[in-house]
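K.L.:
Below is the structure, and that's it, no one-letter string:
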């Protein structure tokens, strides 16, 4: 009996279940933070190279591109890319009872990038091993990018040629709020526009017992942050979600000395350009007001961040169709609202239409949230995700969509 391409891909990935789990656990136990993913890149290059897949390591030595390259001058079907991120977060793994707990102090995979990598690896291996079962030669590409958490990795891979000749791109992101075997989709805006904030508050230092002789930058910074938290939400259309959060506050070295300077860092997240511009204007106005009231000079710098992920409806239809074939149509749900999280997958979408699907990874007892020090996944999701990615590549290469 001749197997269909879908049956061949599924069977191949089922056979790789132990390998995918092993790769994921190895990465989880040996995480590398953003901009330091050299060993992870080498390990992936070894596995893919040993399988006979053509690879290109990025010039930085972090991140790689894998997949067949077209013959010079050939005019075949469109090339579809699948993307995974390989970096970990700088935080301590608090899981004590699992053998794959992070062995690197202060670094762990708390956002599922180890799972994303294992799933993309499984899809790439399946597409390569099952190429004789495919309807025709499928020009696919797997992108394993570094530094998603810092927003640098996608641009690095684009500069390395990752999107040359790519007509569509797909990705998955694990979701610990969804049970394993379920997926969630959303056409249109999926994640937020994110901008980093750097704020310097300059006062005049002095003795803690004589604040009237100083200009206290800590007092001014507290006033500034409080005003931002209160006033920015009221300066933007209430129908437009905007979040400003300060996560870093640095100032002073002694408890009895008023310092000269305080530095703050935070993020501004929004779902539209208009909302972002209104929020930025409000923050600058608050800085001027606190300066007038306290005498402290407040300099606010808005740094380039990541654009919103806007899922292409056609690519999302193909990705959803692949998911429905794997888990069943009743297990494919809708995401009602965009997330205010950031995702540098957006950079690829400037160059080709693409879409990202949420993949359930929660077991029966549930799992801690993303970026939790106890984050983990139900590893049955690895096979599911690999099948969805591989099937979606073939569907898109054939011009398929949910309406095909």
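P.N.:
Happy to help now that I have it. Because the structure is a prediction, the values reported are computed rather than measured.

K.L.:
Give the ranges of residues in the stretch 1-150 of the chain that sit below the confidence cut-off.
P.N.:
Counting by pLDDT under 70, the low-confidence segments of the stretch 1-150 of the chain come to 1-2, 71-76, 135.

K.L.:
just so I have it, where are all the strands in it?
P.N.:
Assigned by DSSP state E, counting those that start in this stretch, the stretch 1-150 of the chain shows strands spanning 55-57, 64-66, 79-85, 140-145.

K.L.:
ok, the second one: who's next to it in the sheet?
P.N.:
Sheet pairing for strand 64-66, assigned by DSSP bridges, gives strand 55-57 (antiparallel), strand 140-145 (antiparallel).

K.L.:
Excluding its own residues, what touches that strand? List them.
P.N.:
The contact list for strand 64-66, computed with C-beta atoms under 8 Å, 6 or more residues apart in numbering, reads 41, 44-45, 48, 53-58, 124, 141-144, 157, 160-162. Where you see a C-beta, it was placed from the backbone N, CA and C, and this is true even at glycine.

K.L.:
mind listing what the residue nearest the centre of the chain touches?
P.N.:
Centroid-nearest residue in the chain: residue 343, 4.1 Å away (criterion: C-alpha atoms, centre = their mean). Applying C-beta under 8 Å, 6+ apart to residue 343 gives the contacts 148, 173, 190-191, 306, 309, 356.

K.L.:
again, only this time at 6 Å
P.N.:
191, 309 (C-beta atoms under 6 Å, 6 or more residues apart in numbering).

K.L.:
Distance check, it against residue 281.
P.N.:
Counting by C-beta to C-beta, to the nearest Å, the separation of residue 343 from residue 281 is 26 Å.

K.L.:
and what of residue 242?
P.N.:
12 Å.

K.L.:
ok, the two, which is more surrounded?
P.N.:
Neighbours were counted for residue 242 and for residue 281 using other C-beta atoms under 10 Å; residue 242 has more, 23 against 13.

K.L.:
That one against residue 236, yeah?
P.N.:
Yes. Judged on C-beta atoms under 6 Å, residue 242 makes contact with residue 236 at a distance of 4.9 Å.

K.L.:
Do a quick rundown of the helices in this protein.
P.N.:
With helices called from DSSP state H, the chain shows them at 5-15, 17-29, 38-50, 113-129, 153-159, 217-235, 273-294, 313-327, 381-397.

K.L.:
now these in TSV, with distance to residue 370?
P.N.:
Shown next, in TSV, are these (distance: least, C-beta to C-beta, whole Å):
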stretch	distance to residue 370
helix 5-15	25
helix 17-29	14
helix 38-50	19
helix 113-129	11
helix 153-159	17
helix 217-235	23
helix 273-294	23
helix 313-327	20
helix 381-397	14
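
K.L.:
Out of those, flag the one nearest residue 255.
P.N.:
Of all those, helix 217-235 sits nearest to residue 255, with 11.3 Å by C-beta to C-beta.

K.L.:
how about the nearest residue to residue 302, chain neighbours excluded?
P.N.:
The shortest distance from residue 302 to any non-neighbouring residue, by C-beta to C-beta, 6 or more residues apart in numbering, is to residue 195 (5.3 Å).

K.L.:
residues in contact with the one you found?
P.N.:
Contact analysis of residue 195 by C-beta under 6 Å, 6+ apart lists 268, 302, 305.

K.L.:
Buried ones among these?
P.N.:
With burial judged by 16 or more other C-beta atoms under 10 Å, the buried subset of the contacts of residue 195 is 268, 305.

K.L.:
and which of the contacts of residue 195 is nearest residue 19?
P.N.:
Closest to residue 19, out of all of the contacts of residue 195 and judged by C-beta to C-beta, is residue 305, at 36.0 Å.

K.L.:
Could you check how far the residue lying closest to residue 235 once chain neighbours are set aside is from residue 303?
P.N.:
Leaving aside its sequence neighbours, residue 235 sits nearest to residue 282 (C-beta to C-beta, 6+ apart; 3.9 Å). Here residue 282 is placed at a distance of 18 Å from residue 303 (C-beta to C-beta).

K.L.:
which stretches of the stretch 301-404 of the chain have low pLDDT?
P.N.:
Within the stretch 301-404 of the chain, the stretches with pLDDT under 70 are 400-404.

K.L.:
Name the residues that touch the top strand by length along the chain?
P.N.:
The residue-count maximum for a strand in the chain (DSSP state E) belongs to strand 166-179. Strand 166-179 is contacted from outside by 78-83, 112, 115, 315, 319, 345, 348, 352-354, 356-362, 367, 369, 377, 385, 392, 396, using C-beta under 6 Å, 6+ apart.

K.L.:
Type out the ChimeraX command that picks the buried ones from the contacts of strand 64-66.
P.N.:
Buried subset of the contacts of strand 64-66, written as a ChimeraX selection, criterion 16+ other C-beta under 10 Å:
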select :41,44,45,48,53,55,56,57,58,124,141,142,143,144,157,160,162
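
K.L.:
Got phi/psi on the nearest residue to residue 149 once chain neighbours are set aside?
P.N.:
Of all residues not flanking residue 149 in the chain, residue 34 sits nearest, at 4.8 Å (C-beta to C-beta, 6+ apart). With angles defined as degrees, to the nearest 10, residue 34 sits at phi -50, psi 140.

K.L.:
Now for residue 34: which residues touch it?
P.N.:
Contact partners of residue 34, counting by C-beta under 6 Å, 6+ apart, are 87, 147, 149-150.

K.L.:
Distance of it relative to residue 323?
P.N.:
29 Å.

K.L.:
Now the terminal residues of stretch 210-224, how far apart.
P.N.:
22 Å (C-alpha to C-alpha, to the nearest Å).

K.L.:
can you list the residues that contact it?
P.N.:
With C-beta under 6 Å, 6+ apart, stretch 210-224 has contacts from 201, 203-206, 251, 258, 261-262, 290, 294-296.

K.L.:
end to end, how far does stretch 200-216 reach?
P.N.:
Note: stretch 200-216 ends 13 Å apart using C-alpha to C-alpha.
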